[in-house]
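K.L.:
Pasting a predicted model and its sequence here:
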Amino acid sequence: MNMKKCTLPFLLAGLLVLSSCSISDTKPSDMQAINTGINASISMESSEAVSNSDTSLRIEVGKDNRTHISGTMASGIVVDANVIANCDISAPGVGYEYSAQLRAFTEEDRKLFVQEGWTLADTTSAPLNQGLFSGTCYYDTYIDETGVKYVQSTLPTRVMFYSETSQCIQNYIGSIEDKNFGKEDFSFCSMKEAYDQVASYLDQAGIPVSDCYEGLRIPYTELQIQQKIFASVGEDLTFQNEVLPNGFTEEDNAYLFRLRYDVNGFPVSDSVAMGYVLKDGKQPASAEETRYLSGVYIEALVTKRGIESITIDFQLMNCQQTGTGELCSAEQALTAFSDAMKSPAQSDYLYTISNYANGPITITDIELSYVYLWCHESVDVSMIPCWQIQCERIFDVDDPQSGNVSMKGYVNAITGEYIAYDQDMGDI
């Protein structure tokens, strides 16, 4: 049996600033499968039709202020997309570009999430040799006043803390099917209340997060099912049995969040290690010319007991505004993306979904947030507002078993231009 796992111990062995075992890595559709805490707006109270001679789209705002775009473009691309944004997506207004630098580890980071009353029980360290992101990884184990163990793991570009219970929960999340995640909030608090708890906690630690977030509801009953499945194929459950001698219970119902940094009221993309930007339609000739496209990873797990784990990449430092301009609308970004799919100059990544697959193309998710552009050998980073457009396409309409191919496209929200890139991250 081939089962996907996402366990914190494995994360610790090889985390980089731009690559990790995460929700989106193990099951890309999970976050889109449930209600999300999206705060976006349009200029009308309930719905707004956006159309011209080429496109007919409808923007709707449902309960909890979640925004959805639906319709069909002139190219035949179907739009049935959830939206992540915190502005009027029909007229986003003025946007800004920034230059900044990747922040390096400081000794204070080792206690970023350490709480009053925790006692240091053990500490270990190990070298991490990853070029620009090389340094020392620290694993500090604490025990709180009730005897619960927590580990804060501090890497050259990332900090995470987690309880032993969260390790057990995380072990099975990646194996739960989309349809089996919870549709209703848990009795101990709502998803929004759980998000507020995490946002307040991070704010107190000097980490501002946007109100654009995504979440999963993880029922303890699904954790029980997955544990039994893994046990049936020889999974070693020694650790889980020691931490949870009675197995998973209602106390282990959990919310898992993907969050975004906030920069002057605008979210930062959570996409990680998406690829490098093409130069004149081709792969850059040298490392000095190569710019990588990415976002920032933040994840948190909340149960009735409180915040059980947080993982964050370090914020940028020395941010300076370098440019400004009117942001293009969601419709304009969708048109730019559609035009790119018909362009004769395409990356291998875009060419595959445009030409090898033959089924209908559906845009499933749209996001407006900052994206990082950075060079592999430099700490210097550019931050630009981008529309990020996720689409999928049936690979072969004549073969029901062929499955779907998917990709994410990027449109510079200031220039309105599609950003040509390839997914290969080379030696990162």
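P.N.:
Now that the structure is in, tell me what you want to look at.
K.L.:
switch to C-alpha atoms for all contacts and neighbour counts from now on
P.N.:
Fine.
K.L.:
And Glu97, how close does it get to Tyr297?
P.N.:
Distance, Glu97 to Tyr297, using C-alpha to C-alpha, to the nearest Å: 20 Å.
K.L.:
between the two, which one's more packed in?
P.N.:
Using other C-alpha atoms under 10 Å as the criterion, Glu97 and Tyr297 rank with Tyr297 on top: 24 against 18.
K.L.:
confidence score at the more buried one?
P.N.:
pLDDT for Tyr297: 87.
K.L.:
cool, and Pro92?
P.N.:
pLDDT, Pro92: 93.
K.L.:
can you confirm it is in a helix?
P.N.:
No. Going by DSSP: H, G, I helix; E, B strand; the rest coil, the assignment for Pro92 is coil, not a helix.
K.L.:
I figured it hits Leu327, correct?
P.N.:
Yes. Judged on C-alpha atoms under 8 Å, Pro92 makes contact with Leu327 at a distance of 5.7 Å.
K.L.:
So these two - more neighbours on which side?
P.N.:
A direct count of neighbours by other C-alpha under 10 Å for Pro92 and Leu327 places Leu327 higher, at 25 against 19.
K.L.:
list the contacts for the more buried one?
P.N.:
Taking C-alpha atoms under 8 Å, 6 or more residues apart in numbering, we find Leu327 in contact with 91-95, 413-416.
K.L.:
Buried ones among those?
P.N.:
Burial by neighbour count, judged by 16 or more other C-alpha atoms under 10 Å, picks out 91-92, 95, 413-414, 416 from those.
K.L.:
Kindly reformat those residues as a markdown table containing distance to Tyr220.
P.N.:
Formatted as a markdown table, the buried ones among the contacts of Leu327 follow (distance: C-alpha to C-alpha, whole Å):
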| residue | distance to Tyr220 |
| --- | --- |
| Ala91 | 42 |
| Pro92 | 40 |
| Gly95 | 43 |
| Ala413 | 41 |
| Ile414 | 45 |
| Gly416 | 45 |
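K.L.:
out of these, which one sits closest to Asn355?
P.N.:
Gly416 (23.9 Å; C-alpha to C-alpha).
K.L.:
Quick check: phi and psi at the closest one.
P.N.:
phi 80, psi 10 (degrees, to the nearest 10).
K.L.:
doesn't Ala333 make contact with it?
P.N.:
Yes. Under the criterion of C-alpha under 8 Å, Gly416 makes contact with Ala333 at 6.4 Å.
K.L.:
Count the residues that sit near Ala121.
P.N.:
Neighbours around Ala121, by other C-alpha under 10 Å: 12.
K.L.:
Kindly report the same for the one 5 residues further on.
P.N.:
For Ala126, the tally of surrounding residues (other C-alpha under 10 Å) stands at 12.
K.L.:
try Ile207
P.N.:
15.
K.L.:
ditto for the one 4 residues further on
P.N.:
The number of residues packed near Asp211 is 24, by other C-alpha under 10 Å.
K.L.:
Make 3 the starting number, not 1.
P.N.:
Sure thing, new numbering starts at 3, so read that last one as Asp213.
K.L.:
Now it: phi and psi?
P.N.:
Dihedral angles for Asp213 - degrees, to the nearest 10 - are phi -80, psi 10.
K.L.:
so how far is Glu99 from it?
P.N.:
21 Å.
K.L.:
How about Gly411?
P.N.:
According to C-alpha to C-alpha, Gly411 and Glu99 sit 19 Å apart.
K.L.:
Then Glu291?
P.N.:
Distance from Glu291 to Glu99, by C-alpha to C-alpha: 20 Å.
K.L.:
Kindly report the same for Tyr294.
P.N.:
16 Å.
K.L.:
now do Ile416
P.N.:
Ile416 is 9 Å from Glu99, by C-alpha to C-alpha.
K.L.:
now do Val304
P.N.:
34 Å.
K.L.:
Gln206 too?
P.N.:
27 Å.
K.L.:
hey, where'd the helices end up in the protein?
P.N.:
10-16, 25-28, 166-175, 193-206, 222-234, 240-245, 332-344, 350-353 (DSSP state H).
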